[in-house]
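> generate a structure from the sequence data that follows.
(chains A and B)
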Amino acid sequence: MRIALFVTCLADTLFPSVGKATVTLLERLGHQVEFPAAQTCCGQMHINTGYQRDALPLIRRYAEVFRGYEAIVVPSGSCAGSVRHQHAMVARRHGDTDLARRAEQVAARTFELSEFVVDVLGLEDVGAYYPHRVTYHPTCHSLRLLRVGDRPLRLLRNVAGLDLVELPDADVCCGFGGTFAVKNADVSTAMLADKMRAVLATRSEVCTAGDSSCLMHIGGGLSRLNAGTRTVHLAEILASTRE
Amino acid sequence: MSTFLGIPNAPRGVGHLRGTEPFPVAARKALANTQLRRNLGRATTTIRAKRAAVVAELPDWEELRTAGEAIKAHTMRHLDHFLAELEAQVTARGGTVHWARDAIEANQIVTGLVTATGATEVVKVKSIVTDEIGLNDALAQAGIHAYETDLAELIVQLGKDRPSHILVPAIHRNRAEIRDIFLREMKDVDPGLTDTPAALTEAARLHLRRAFLSARVGISGANFAIAETGTLCVVESEGNGRMCLTLPETLITVMGIEKVIPAWRDLGVFLQLLPRSSTGERMNPYTSMWTGVTPGDGPQAFHLVLLDNGRTAALADETGRQALHCIRCSACLNVCPVYERTGGHAYGSVYPGPIGAVLSPQLTGIEDNASLPYASSLCGACYDACPVKIDIPSLLVHLRARHVEEAGHRHRLASLASPEAITMAAAAWVMASPARFGAAQRASRLGRIMSRGGRIRRLPPPLAGWTAARDAPAPPTQTFRQWWHTEHERTEHERTEHERTGGGRP
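Numbers count the residues shown, from 1 in each chain, chains lettered A, B, ... in the order given. Purely as a prediction, here's the structure:
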């Protein structure tokens, strides 16, 4: 299977360890991963802020760059969600039916990491070892756009040494929401406060999720409070081994 | 005024569809109100649990939602036909139908009808749509006092306040506050009034009974209007609505044109969806239906005012028109993490929460409510809760795009672009080329200068809002793309070395 990594612009720029962990994990599971260097960004920030016309070239680029791959793996529910639920819609809204069709084809082969491991590779135990107390925040777009359900939890339950603690009110948004966090910073912060309260109530060392963006938000709040809980992407946990 | 395809929006200066300040400003004030936060948190948590329990009882809930969506979509596509049918049926059964282009016309029609009866008091129920058009103000100017009879609406009216929730308009008030309002505003109230729900309800009952027994005109909204027979339907919990609908000599119903449904069999779908979604009940206590005028029984004059007020403009947008499918259950408010923290007032319109954020801007024109489509983190909880499957997150994204396009058009006319538009265009330009993206990534490493211990505590605008409460990560020494490049360069190099020394390909 020809697998491409769409690392996402955020992980590429600010959280390269998430991209490296995704590669490590997939290679350990016996797959070769390619990183098409022409990739940039899915355009979600533009689309969700109202700048669809600016997003069109990015949608076109995504469809072009990943055209030849059987599977495109994304360590982000949000970016995978944008590819699957927005790309064709935006293309169609701007009258480009050919792009919409191509976007749909490539979207059908685009998978969020936990979907890819569980559904495509058929694995729930990836042989990881992570001796920490961990709570899992299901990010909104993985939960309600992609419907990944409990796939990430199934993967986490099979990680050796990991003490998984249920997060109260887990399905409530952390308040990130892309430019929402800047445009409505006060509401975003109020939502973050409640999410941090829930995370801290679990007395976990680590809060994990499938999206670097939400983790940047939750982690930024925890760091500001010196709360003693850190954020780690799901890919990094699954990539960890005893060695 | 901003219009879509030249169709008029709800006029300015009348009614309650526009706030006085943008959402983020109003929200900041609401967030600081700890009592409000507690009231909202408790109320929405309770109602969410009740809703979840009764929804789980129905094995065909998803099929019901799909049916509700399909009926509404079909009705909107043929709205002209069903409205004409409704008019014909209401007229044939002794009612009178009035068409109101906007709030101003509707207020004129209703005020004229009340004045013609000589009445100086009216009793009201299901008042959101009349609040949308500011009817009580128009009546007051004509010397007519309106009694809100829904308990929560009464609390809001006596408190000289604004509703903050579609279904529970006084959700922002607690019992102690309600007691204080009653003591201050109700004549003849028992000065020893306590704040127990029974005592408060009894006080309201005594206050309203006088109005019910003397009012000659009732004014209502409507939940549904059935085109095939011209039947109106109001669902409620208190029975006060039934008093308004049956006791007065004259009944005037003001209804948005989107409330029509084709047939009785469609009502069966909505009467399963609505109570479960709104109050978390299997069925609401009072469902009143009436058809025209019945001689010798109930109101002997019935007027139906069909209100547009921007709805045709919403209908003209094939994506946006989904907002007109709303049956005002308020499930989306109760699950919305933004609404739960700000309450309804921050939205500035009688229609708050997620549905308000997609409905109000379409009624007024987006320019007049431009901050509302952005008053959401796009978490999607509203879409899952909606009984008629309105895809609110996609609508928000659509309206954001319309806002940017319409604002861009205005800016082009003025030959200037907003700082945000310039930022977005610049970001798109960078992302359109991996080389430029790589250069921008390298430049972003300058951010390391601002960092200490791997975190940045203060960023300049427009990102200052982020670091007001959160640290930002310091850019790493190496991006993923650089790491990949060096890894694979090295691998390639090792391979070549290996081959050169005669080892062959590994």
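
> what pLDDT is listed against the most centrally placed residue in chain A?
In chain A, the C-alpha nearest the mean C-alpha coordinate belongs to residue A:76, at 1.5 Å (Cα atoms, centre = their mean). Per-residue confidence for residue A:76 comes out at a pLDDT of 98.

> and if you look at residue B:244?
For residue B:244, the pLDDT comes out at 96.

> so residue B:251 sits against residue B:294, correct?
No. The criterion here is Cβ atoms under 8 Å, and residue B:251 misses it with residue B:294 at 11.5 Å. (Glycine included, C-beta is placed from N, CA and C.)

> other residues contacting the lengthiest helix in chain A?
For chain A, the helix that runs over the most residues, judged by DSSP state H, is helix A:185-201. Contacting residues not belonging to helix A:185-201 are listed as A:135, A:137, A:167-170, A:172-177, A:180-181, A:207, A:217-218, A:221-222, A:225, A:227, A:229, B:24, B:27-28, B:31, B:337-338, B:341-342, B:375, B:377, B:465-466, B:468-470 [Cβ atoms under 8 Å, 6 or more residues apart in numbering or on different chains].

> out of the residues you listed, which are buried?
Of the members of the contacts of helix A:185-201, the ones counted as buried by neighbours, 16 or more other Cβ atoms under 10 Å in any protein chain shown, are A:135, A:137, A:167, A:170, A:172-177, A:180-181, A:207, A:217-218, A:221-222, A:229, B:24, B:27-28, B:31, B:337-338, B:341-342, B:375, B:377, B:465-466, B:469-470.

> just these: which are in strands?
Cross-referencing the buried ones among the contacts of helix A:185-201 against strands under DSSP state E gives A:135, A:207.

> point out where chain B drops to low pLDDT.
Applying pLDDT under 70 to chain B picks out residues B:1-5, B:415, B:495, B:498-506.

> which element is the residue nearest the centre of it on?
Central residue of chain B (Cα atoms, centre = their mean): residue B:356, 2.1 Å from the mean position. Assessed by DSSP states H and E, residue B:356 sits inside helix B:353-364.

> who are the packing partners of the next helix or strand after that helix?
For helix B:353-364, the succeeding helix or strand toward the C-terminus, using DSSP H and E, is helix B:381-385. Contacts defined by 3 or more Cβ pairs under 8 Å, 6 or more residues apart in numbering or on different chains; DSSP states H and E place helix B:381-385 against helix B:331-335, helix B:353-364, helix B:392-413.

> count the residues that sit near residue A:105.
13 (other Cβ atoms under 10 Å in any protein chain shown).

> wait, doesn't residue B:408 sit right on residue B:424?
No. The criterion here is Cβ under 8 Å, and residue B:408 misses it with residue B:424 at 10.5 Å.

> distance of the residue of chain A positioned farthest from its centre from residue B:329?
Here chain A reaches farthest from its C-alpha mean at residue A:95, the gap being 29.4 Å by Cα atoms, centre = their mean. Between residue A:95 and residue B:329 the distance, using Cβ to Cβ, to the nearest Å, works out to 36 Å.

> that older thread, any idea how far the residue nearest to the centre of chain A is from residue B:418?
28 Å.

> now residue B:76
Relative to residue B:418, residue B:76 is positioned 33 Å away (criterion: Cβ to Cβ).

> likewise residue B:243?
From residue B:243 across to residue B:418, the span is 53 Å (Cβ to Cβ).

> name the residue in those two with the higher neighbour count.
When residue B:243 and residue B:418 are compared on other Cβ under 10 Å, the one with more neighbours turns out to be residue B:243, at 22 against 13.

> thought that one was touching residue B:150?
No. Counting by Cβ under 8 Å, residue B:150 is not a contact partner of residue B:243; they are 11.0 Å apart.

> many thanks, I have nothing further to ask.
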